[in-house]
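1. just a sequence and a predicted model for now, questions to come.
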Amino acid sequence: MPVDSDAAALGARIKSARTRKRMTLKVLSTRASLSESFLSQMERGLTQASISSVRRIAEALEIQVSDLFDTGATADSHLVRRADHPRIAFGDGATKTLLTAQRNLQNIEVLQASLVVGGSTGVNAYAHGDSEELLVVLSGQVKVEIGDEVHHLHHGDTLSYSSAQPHRLINAGDQPSELIWIVSPPSY
């Protein structure tokens, strides 16, 4: 049984990208340094991946992470309706939604994230690119680990850091957390 519809949709997009490239699971496994069984489960929507794993898969497929978001928007569209915001499941009990129209803004990317109680961006901290990130807590409480630093954030708190620093977020409260990430330049 699939973890949820977002995980199943992401898995289907990964499988589609892999088959378009005529790549076997074994080759993708080697290139992404992830097990074949994990990738198979992901493609079938039976498990979620950390952000780090999704990035490694995209790199191995030689595509952008944003290509794994499902959007019906055209390449020149600047408007994305709420129902059309592309979503991706990641980490443990987390969902990320791309709020900016793909590839139209060259200097900024805005994402909304939801973390269930106890949810996180993954077991391990991850780093990506060399962008500046601004995290805004819309609701709930999150613990943010950046290198050896630990920050406890609540509704309305913000934190900025470099995406090159290994970082991890955990919902530290008893309610779901809603967050906004503003990334410049875009990491996709």
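-> The structure has been received and is ready for your questions.

2. mind checking how far the lowest-mean-pLDDT helix or strand in the chain is from the chain centre?
-> Across the helices and strands of the chain, mean pLDDT, DSSP states H and E gives its lowest value to strand 87-90, namely a mean of 78. In terms of CA atoms, centre = their mean, to the nearest Å, the centre of strand 87-90 is found 6 Å from the chain centre.

3. local confidence estimate at the most centrally placed residue in the chain?
-> In the chain, the residue lying closest to the centroid (CA atoms, centre = their mean) is I51, at 4.7 Å. Among the per-residue scores, I51 shows a pLDDT of 77.

4. check contacts around it.
-> Contact analysis of I51 by CB atoms under 8 Å, 6 or more residues apart in numbering lists F90, G91, K96, T121, G122, Y126, H128. Where C-beta positions appear, they are placed from N, C-alpha and C, glycine not excepted.

5. now render those residues as TSV, adding distance to S163 and secondary structure.
-> Output for these, formatted as TSV (distance: CB to CB, whole Å; DSSP: H, G, I helix; E, B strand; the rest coil):
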residue	distance to S163	secondary structure
F90	15	strand
G91	16	coil
K96	14	strand
T121	12	coil
G122	15	coil
Y126	9	strand
H128	5	coil
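
6. got the domain boundaries for this protein?
-> 5-68, 82-184 (automatic domain parsing).

7. gap between the longest one and the chain center?
-> Here the centre of mass of C-alpha atoms in domain 82-184, compared against the chain's by CA atoms, centre = their mean, lies 8 Å away.

8. counting contacts, what elements does the lengthiest strand in the chain pack onto?
-> Counting residues, the longest strand in the chain under DSSP state E turns out to be strand 109-120. Judged by 3 or more CB pairs under 8 Å, 6 or more residues apart in numbering; DSSP states H and E, the packing partners of strand 109-120 are strand 92-98, strand 167-171, strand 177-184.
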